[in-house]
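A predicted structure for the sequence below; I have some questions about it.
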Amino acid sequence: MPAIARGQTAPPIELAATDGKKYSLQEALARGPVLATFFKVSCPTCQYTLPFVERLYQQFRDQRVEVWGVSQDNAKESEGFAKEFGLSFPVLIDENDYAVSTEYGLEYVPSYFLIAAGGKIEISGDGFSKRDFLAIQRLLAARLAAKPPALFQTTEMVPEFKPG
């Protein structure tokens, strides 16, 4: 598990995205919850996981939920990754000294944090966890009175866990 766990206050995030736009966790939380997923372009588990994060984004993007990818690579590589894996949510850049990743206590990527509007971590984890992603979907659906489609298709062979 990442060092910042459920119930703890999320450290601030102030980063620019691949398009140069600045993102602030504090400002985003004023609108609703944020799902931040930290990754590296070269990580096979990240390559597997981020398309499922995109599905969550598509299911909740019109309901005041922010979904961010936080890349530990440069903007050009991150932009290429987003294009290759069909990501349409903002990809923020935390390269060089990994200041934000360090604040979140990351040991592995991908690592993800569902942060409630009040700033507390509701769900955190690393690698790919089918259970965690279903829990994120259920929590957001319940909070927003939404009825999203299935996150995983019956035709997909989705493992319960894939380490990062």
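It's in. Residues are numbered from 1 along each chain as shown.

and stretch 135-144, which residues are buried?
Using 16 or more other CB atoms under 10 Å as the burial criterion, the residues of stretch 135-144 that qualify are 136-137, 140, 143-144. No exception for glycine: its C-beta is placed from N, CA and C like everyone else's.

ok, so of those, who is nearest residue 45?
residue 136 (16.8 Å; CB to CB).

show me where the chain has strands.
14-16, 22-24, 34-39, 66-71, 91-93, 111-115, 121-126, 128-129, 161-162 (DSSP state E).

got a list of contacts for the fifth one?
For strand 91-93, the external contacting residues (CB atoms under 8 Å, 6 or more residues apart in numbering) are 13, 15-18, 23, 68-71, 73-75, 78-79, 81-82.

Buried subset of those residues, written for PyMOL?
In PyMOL, a selection of the buried entries from those looks like this (16+ other CB under 10 Å):
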select buried, resi 13+15+17+18+23+68+69+70+71+73+75+78+79+81+82
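
sorry, back to before: which of the buried residues of stretch 135-144 fall within helices?
Judged by DSSP state H, the buried residues of stretch 135-144 include 136-137, 140, 143-144 as members of helices.
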